[in-house]
Structures are given as structure tokens and as C-alpha cells.
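**Student:** task: produce atomic coordinates for the following.
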Amino acid sequence: MEELILEVKNVKYTRDGVTLLNNISFSLKKGEAMVIFGTEDSGISHLFDVIIRGDVSFEGDVLYKGSSIKELDYFSLMEYKEEIGYLHGDYGLISNLSVEQNISLPLEYHSSLSGAEIKNYVNKLIFDLNLDHCKKLRPFQLSRSEILKTAFARSIANEPDLLYLEHAFENQCYLNIITIFDILKKRIARKDKSLIIVTYRPENFIDIANRFIMFFNGRIVFEGSKDEFLYSQNPYLIQYKTNNPEGPMVIL
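**Tutor:** The predicted structure is shown next:
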């Protein structure tokens, strides 16, 4: 039986009287790559609150490696967050640190590597992502793709078992970030690493993802394999893929 790394069970998340997620359930196996997508107001961005933040009030449960994150105390919650690699569309680089310093930061705080080992490992990430030419530069001196690749390197520096990428690739030139996709493909070939990509452009990850989940109005309206994503006649999915204003989704 394949081991689950993440289970989202009947989650209902309400904020300021508005239900943002309504009875959401799905699971992620070790070694699996999942794409979660939907319209801007579908609820996909609110998954961050219950899966990554883990400190908001919601009904249902989220289990990581079999343990409920709702039962974690403050210090255990911090350890949980350190185990997950997270990258969002704002990238969040520290402005007064160079590329190599930004990437080194999680290793300096959360690893047992020596200074020399950290330097060697960071240099390898920099080489793999074609960042060697700018490793001494600070974020304001970088192009958008260089910022993304630096933030991506930082998110995988600690070799997290679960990598959560949220709107990280929108407004990027895909040719400039092809090195990231090469690393993601190698990562999902491993049986001990899992991946969640939250995006508005699920078609960009056909060669990476095993499963696709679509949200609308806080609910899951489609879930299936790559082939099902490509060929399903689900009306929500067809409307989304064809950018058609006509269909079951009311587009504002």
C-alpha cells in the first residue's frame, strides 16, 4: 500500500462569515505530483492557510505523514513548516542578501551542515539553475526569472519531502526557467518526494503532474489523472480549458 504524505479531510474553512473552502477532501501519496487549479475566486489560494500556515481555525482535519496538524503545539508546528518547501508568486527574497546568501539561509538555520558543506551545496544549486553569473547580486539587480530561480533554490535547499508551489510560474518566460522544470522532473522521479503546484495554468504541467484537481466556488469540481484531465468531458473542466464564458461557472 502506497504511503500518504498529506491528507485533507472534509475541510471547511470560513473567514469573516464567508465560506472559502467547503467540504474539501483529497490526499497526496509519497512520490506523487499534483496540480491544483481553478479560477481566481475558486478557493485554491486559501489552501495555503490550512495546509501551510496550519494555525487557522477550520472544520475537518489536515494530516501530514499521518499526524493531525491541528494537534501540533507551537514548536511542533514550526518543525512541520520547516519540513515543507514553499514558494509563492511574490518570491519573498530578502532584499539585502545576495543570491547565494538567500539560498543558504534555510540551511544555516535548519541543517546540521558545516559552513563549507553549505557553500558547496549552494554552489551546486546555483550551477544547476544557471545562476552563477549573478550569485553575488541582490534581488533588485536580478531579472524576474533570476528572482524565481533563486527563490526556488531556497525552497528546495533543505530537500523537503513536500514541495508546495503557489502561483510561482505565472508571468514568467518558460524558456528562461526551463532549468526549474528539469529539476522538478528529476524530483518527481524519486519515490520519497511529493509536489503540489497551485496554478491558473494547469496545462503547463502536463509533463510533471500525476493528478489534477479543479476547484470552483470553494469546492472540488474535477479530480483525475493526466489522461482524464486531457480527455474528460467534465463541463467545468471544458469551460476552463476553452476559456468559454458559457458553462456551469458564472464568470464575474
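**Student:** all helices of the stretch 51-200 of the chain, in order?
**Tutor:** Assigned by DSSP state H, counting those that start in this stretch, the helices in the stretch 51-200 of the chain fall at 74-83, 99-110, 115-128, 144-156, 178-188.
**Student:** just those: most buried one?
**Tutor:** helix 144-156 (a mean of 23; mean count of other C-beta atoms under 10 Å). Glycine gets a C-beta too; all of them are placed from N, C-alpha and C.
**Student:** that helix versus helix 115-128: what angle between them?
**Tutor:** Following axes from the mean of the first three to the mean of the last three C-alpha atoms, to 10 degrees, one obtains 140 degrees for the angle between helix 144-156 and helix 115-128.
**Student:** put the alpha carbons of helix 144-156 into PDB.
**Tutor:** Presented in PDB, the C-alpha positions along helix 144-156 are these (Å, rounded to 0.1, in the frame of the first residue of the first chain):
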ATOM      1  CA  ARG A 144      12.300  38.200 -12.900                       C
ATOM      2  CA  SER A 145      13.400  34.700 -13.900                       C
ATOM      3  CA  GLU A 146      16.600  35.000 -11.800                       C
ATOM      4  CA  ILE A 147      14.500  36.000  -8.800                       C
ATOM      5  CA  LEU A 148      12.200  33.000  -9.300                       C
ATOM      6  CA  LYS A 149      15.200  30.600  -9.700                       C
ATOM      7  CA  THR A 150      16.800  32.000  -6.500                       C
ATOM      8  CA  ALA A 151      13.600  31.600  -4.600                       C
ATOM      9  CA  PHE A 152      13.100  28.100  -6.000                       C
ATOM     10  CA  ALA A 153      16.600  27.100  -5.000                       C
ATOM     11  CA  ARG A 154      15.900  28.300  -1.500                       C
ATOM     12  CA  SER A 155      12.600  26.300  -1.300                       C
ATOM     13  CA  ILE A 156      14.400  23.000  -2.100                       C
END
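**Student:** show me what the residue nearest to G66 when sequence neighbours are not counted bridges to in the sheet.
**Tutor:** Nearest residue to G66 in three dimensions, chain neighbours excluded: L4, at 7.4 Å (C-beta to C-beta, 6 or more residues apart in numbering). Beta bridges link L4 to K29 when assigned by DSSP bridges.
**Student:** could you check how far L4 is from E146?
**Tutor:** Distance, L4 to E146, by C-beta to C-beta, to the nearest Å: 36 Å.
**Student:** same question, Y164
**Tutor:** Y164 sits 22 Å away from E146, taking C-beta to C-beta as the criterion.
**Student:** contacting residues around stretch 210-229?
**Tutor:** With contact meaning C-beta atoms under 8 Å, 6 or more residues apart in numbering, stretch 210-229 is reached by 19-26, 32-39, 41-44, 46, 188, 202, 206, 209, 232, 234, 236-237, 240, 248-249.
**Student:** quick check: end-to-end length of that stretch?
**Tutor:** Terminal residues of stretch 210-229 lie 10 Å apart, using C-alpha to C-alpha, to the nearest Å.
**Student:** now that stretch: buried residues?
**Tutor:** Of all the residues in stretch 210-229, those buried under the rule 16 or more other C-beta atoms under 10 Å are 210-224, 226, 229.
**Student:** so, low pLDDT: which residues of this structure?
**Tutor:** Counting by pLDDT under 70, the chain has low-confidence residues at 1.
**Student:** mind listing the strands for it?
**Tutor:** Taking DSSP state E as the criterion, the chain carries its strands at 4-15, 18-29, 33-38, 59-64, 67-68, 84-88, 162-166, 194-199, 211-216, 219-225.
**Student:** run through the neighbouring helices and strands of the first one.
**Tutor:** Spelled out, that is strand 4-15. Under the contact definition 3 or more C-beta pairs under 8 Å, 6 or more residues apart in numbering; DSSP states H and E, strand 4-15 sits against strand 18-29, strand 59-64, strand 194-199.
**Student:** just put those strands in TSV and tack on distance to E108.
**Tutor:** Formatted as TSV, the helices and strands packed on strand 4-15 follow (distance: least, C-beta to C-beta, whole Å):
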stretch	distance to E108
strand 18-29	29
strand 59-64	24
strand 194-199	25
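**Student:** cheers, nothing more for now.
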